[in-house]
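Peer 1: for reference, the sequence and a predicted model appear below.
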Amino acid sequence: MKATGVAPCLGVADTTASVAFYESLGFEAAPGSDNPEDDIRMLTWQGNFAFMVYNAENLRQWLPQLANFPTGAFGMFYLAVKDHEAFTTKIRPLVNVIKEHTEHGMKLFYFQDADGYIIGVSEEREW
């Protein structure tokens, strides 16, 4: 599998809990490293690389410049799905819904994970 041009790696408080959360939404997880002491997982969406989750303490050790940064982010990530209505209906009871919005006929559904990352769900489309 090949990563895209930008490969997000999110620092998380509990890798196991984050993986379980994202798997409940339909993502699949695999080890992100051959090192068994490296608490990092690669998440895929419909067979394609999506992002990685990395235990925040391990990430802070790997990059000491992140030592004073909390988990979560200023900004958001987007997830494109084939059937917006079916997907958001499925995940609604599993997530903390932040906002729902329709703009120019496109439905947007925003949720927040336990580490503060915000994901915007939109329907797949050609750009």
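Peer 2: Everything's here; your move.
Peer 1: let's see the helix or strand where Phe51 lies as CSV, backbone CA atoms only.
Peer 2: Phe51 is part of strand 48-55 when elements are defined by DSSP states H and E. Extracted in CSV, the C-alpha atoms of strand 48-55 (Å, rounded to 0.1, in the frame of the first residue of the first chain):
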residue,chain,number,x,y,z
ASN,A,48,-6.5,3.0,1.0
PHE,A,49,-4.2,4.6,3.5
ALA,A,50,-6.0,7.3,5.6
PHE,A,51,-3.7,8.3,8.5
MET,A,52,-1.7,6.9,11.5
VAL,A,53,-2.4,7.1,15.2
TYR,A,54,0.6,7.2,17.5
ASN,A,55,0.7,7.1,21.3
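Peer 1: next SSE downstream of that strand?
Peer 2: helix 56-62.
Peer 1: and the pLDDT at Trp127?
Peer 2: pLDDT recorded at Trp127 is 62.
Peer 1: ok, now Met76?
Peer 2: In this model, Met76 is scored at 87, pLDDT.
Peer 1: what about it, how many residues nearby?
Peer 2: 12 (other CB atoms under 10 Å). Placement of C-beta: from N, CA and C, glycine included.
Peer 1: now swap in Pro93 and tell me
Peer 2: Burial of Pro93, expressed as a neighbour count using other CB under 10 Å, amounts to 7.
Peer 1: for Gln112, same thing?
Peer 2: Considering only other CB under 10 Å, Gln112 is surrounded by 16 other residues.
Peer 1: what's the closest non-adjacent residue to it?
Peer 2: Asn96 (4.7 Å; CB to CB, 6 or more residues apart in numbering).
Peer 1: and what of Met106?
Peer 2: Of all residues not flanking Met106 in the chain, Ser122 sits nearest, at 6.1 Å (CB to CB, 6+ apart).
Peer 1: assumed the one you found was part of a strand.
Peer 2: Yes - applying DSSP: H, G, I helix; E, B strand; the rest coil, one finds Ser122 inside a strand.
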